[in-house]
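In: here you go, sequence then predicted model.
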Amino acid sequence: MRIDGTPYRAIWLAEDGWSVSIIDQTRLPWDWAVARLTTAEEAAEAIETMRVRGAPLIGATAAYGLCLALRIDASDAALEAAHDRLLATRPTAVNLRWALEAMRERLRALPPPERVAASYAQAAEIAEGEVATCRRIGEHGLALIEEARRGKSGGPVNILTHCNAGWLACVDWGTALAPVYRAFDAGIPVHVWVDETRPRNQGASLTAWELGKHGVPHTLVADNAGGHLMQRGQVDLCIVGTDRTTRRGDVANKIGTYLKALAAREAGVPFYVALPGSTIDWTVADGLAEIPIEERGAAEVTHVTGRTAAGEVATVALAPEGTPAANPAFDVTPASLVTRLVTERGICPASEEGLMGLYPERASA
Ligand SMILES: CSC[C@H]1O[C@H](OP(=O)(O)O)[C@H](O)[C@@H]1O
């Protein structure tokens, strides 16, 4: 994605040709901080602390984390240890498992001396593959925005999104925001309602920043405002990302997504989910029963980080000290509440038949 004309990715190989550069997303929107990952442990910690986040980006970061491990020790034991460490960082986004298993399968088949070069080549393939995939999601999703525009008598297409599923969550383009960028760049008038997305506020701090940098009109809203806006006809469509979607179309995404899907159904607003094939877990059908939901620390709920009037970034308490808090980071929206899935291969119903139609090779798997 371009910022003031300069192209950026959310992750890239540093100039030294072996370390990995990331944008530290815990510093946005206040500071543009690029961090360099030099070990697998640093890559793992960047994922755990959400300096990088978003399913495709988590997968790409883990892939490069394996490269950093093998530089030090390319043995089978080191490969397995790094795979397991990186896999254990966050449980919900299936891209993490997908990327690590793809890397491990290829690298195990090679003699250790060939593994480092092969690992970097494959990590780059994964990262570039996600860029191409998200670009195509944007192309396919554009049709949904154009359809919404045809149904209006004027004014912008009002789109509600939750959390951040933009280029910061991927490597470039994004998933839910890719069609928005495509439409905006094509001159279609759009406006985005940006859910703040408690408790980590990825909407307020990342989506608002992304859209602002690209010049896309947007309005930040409290999470609880979405139903009200839909009820009053102020939302033409919802589009969100996902961290894991089952083969029958159940969608795990940031906490609060399910509530938006319920409101959208009640209000008659189309609810779309944008995803790359790497986010489909073909081994799982029942999302509610089988997708692991990450439980994060209570402090993310009881405290908030922001910038003071004096310009310092600070974390302050929202609740009395010691207040118990629960922090499920994701929820599962059943396929029955999803209007369509938007993938790099096209748009389909949220169903096993729909997904098999786009990924026929999976039918025989
Ligand atoms: C394109 S994946 C975006 C997806 O990831 C976010 O979760 P997190 O910020 O915790 O990694 C959120 O669920 C987004 O929809």
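Out: Cool, the structure landed.
In: centre-most residue in this protein?
Out: When CA atoms, centre = their mean is applied to the chain, the residue found nearest the centroid is G54 (3.1 Å).
In: report the secondary structure state of S21.
Out: strand (DSSP: H, G, I helix; E, B strand; the rest coil).
In: how about it, what does it touch?
Out: Taking CB atoms under 8 Å, 6 or more residues apart in numbering, we find S21 in contact with I11, W12, L13, A14, V34, A35, R36, L37. Where C-beta positions appear, they are placed from N, C-alpha and C, glycine not excepted.
In: where does it land on pLDDT?
Out: pLDDT for S21: 98.
In: now T6
Out: In this model, T6 is scored at 83, pLDDT.
In: what does A363 give?
Out: Reported pLDDT for A363: 84.
In: excluding covalently adjacent residues, which one is nearest to it?
Out: M356 (4.9 Å; CB to CB, 6 or more residues apart in numbering).
In: residues of stretch 274-291 that come out buried?
Out: A274, L275, P276, G277, S278, T279, I280, D281, W282, V284, G287, I291 (16 or more other CB atoms under 10 Å).
In: quick one: terminal-to-terminal distance for that stretch?
Out: Start and end residues of stretch 274-291 are separated by 18 Å (CA to CA, to the nearest Å).
In: mind listing what Y181 touches?
Out: M1, G138, W173, G174, H214, V216.
In: could you point out which element follows the helix or strand encompassing it?
Out: Using DSSP states H and E, Y181 sits in helix 177-185. Going down the chain from helix 177-185, the next helix or strand is strand 190-195, by DSSP H and E.
In: so which residues make contact with that following strand?
Out: By CB under 8 Å, 6+ apart, strand 190-195 touches 145, 156-163, 180, 183-184, 203-204, 207-208, 211, 216-221, 223, 225-226, 229, 234-235, 256, 260.
In: ok, which of those also contact the ligand?
Out: Near the ligand, judged by CB under 6 Å from any ligand atom, the entries from the contacts of strand 190-195 are C163.
In: can I have the buried ones of the contacts of strand 190-195 as a PyMOL selection?
Out: In PyMOL, this line selects whichever of the contacts of strand 190-195 come out buried by 16+ other CB under 10 Å:
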select buried, resi 145+156+157+158+159+160+161+162+163+180+183+184+203+204+207+208+211+216+218+220+221+223+225+226+229+234+235+256+260
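In: in helices only, show me the contacts of strand 190-195.
Out: Applying DSSP state H to these, the entries found in helices are I145, V180, A183, F184, A208, L211, G226, L229, K260.
In: dump the buried residues of stretch 274-291 into CSV; add pLDDT and distance to the ligand as well.
Out: Below are the buried residues of stretch 274-291 laid out as CSV (pLDDT from 0 to 100; distance: CB to the nearest ligand atom, whole Å):
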residue, pLDDT, distance to the ligand
A274, 98, 8
L275, 98, 7
P276, 97, 8
G277, 97, 13
S278, 96, 10
T279, 97, 7
I280, 98, 13
D281, 98, 14
W282, 97, 18
V284, 97, 17
G287, 98, 14
I291, 98, 12
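In: now, the most widely separated pair of those?
Out: A274 and V284 (19.3 Å; CB to CB).
In: spell out which residues of this structure are next to the ligand.
Out: 53-56, 163, 165, 169-170, 175, 202, 240-241, 243, 253-254, 329.
In: among those residues, which lie within helices?
Out: Counting by DSSP H, the residues of the chain next to the ligand contribute A55, P56, Q202 to helices.
In: identify the residue of the stretch 1-150 of the chain closest to the ligand, quick one.
Out: R53 (3.4 Å; CB to the nearest ligand atom).
In: mind picking the two most distant members of the contacts of S21?
Out: Every pair of these checked by CB to CB; the farthest is L13 and A35, at 13.9 Å.
In: R248: neighbouring residues, count only.
Out: 17 (other CB atoms under 10 Å).
In: any of the residues of the chain next to the ligand buried? List them.
Out: For the residues of the chain next to the ligand, buried by 16+ other CB under 10 Å: 53-56, 163, 165, 169-170, 175, 202, 240-241, 243, 253-254, 329.
In: got a list of contacts for stretch 29-49?
Out: Contacts of stretch 29-49 (CB under 8 Å, 6+ apart): 14, 19-24, 26-27, 51-53, 58, 61-62, 64-66, 68-69, 72, 82, 85-86, 88-90, 96, 205-206, 208-209, 307, 313.
In: which ones are touching the closest residue in space to P112 that isn't next to it in sequence?
Out: Spatial nearest neighbour of P112, excluding adjacent residues (CB to CB, 6+ apart): A74 at 3.9 Å. By CB under 8 Å, 6+ apart, the contact set of A74 is P112, P113, R115, V116.
In: give me the element A74 is part of.
Out: Counting by DSSP H and E, there is no helix or strand that carries A74.
In: what pLDDT does it get?
Out: 98.
In: ok, now the one 5 residues further on?
Out: pLDDT, L79: 98.
In: what does I3 give?
Out: We have a pLDDT of 85 for I3.
In: quick check: it touching K213?
Out: Yes: here I3 reaches K213: they are 5.0 Å apart, a contact under CB atoms under 8 Å.
In: residues contacting H303?
Out: Counted by CB under 8 Å, 6+ apart, H303 has contacts T315, V316, A317, L318.
In: thank you, goodbye.
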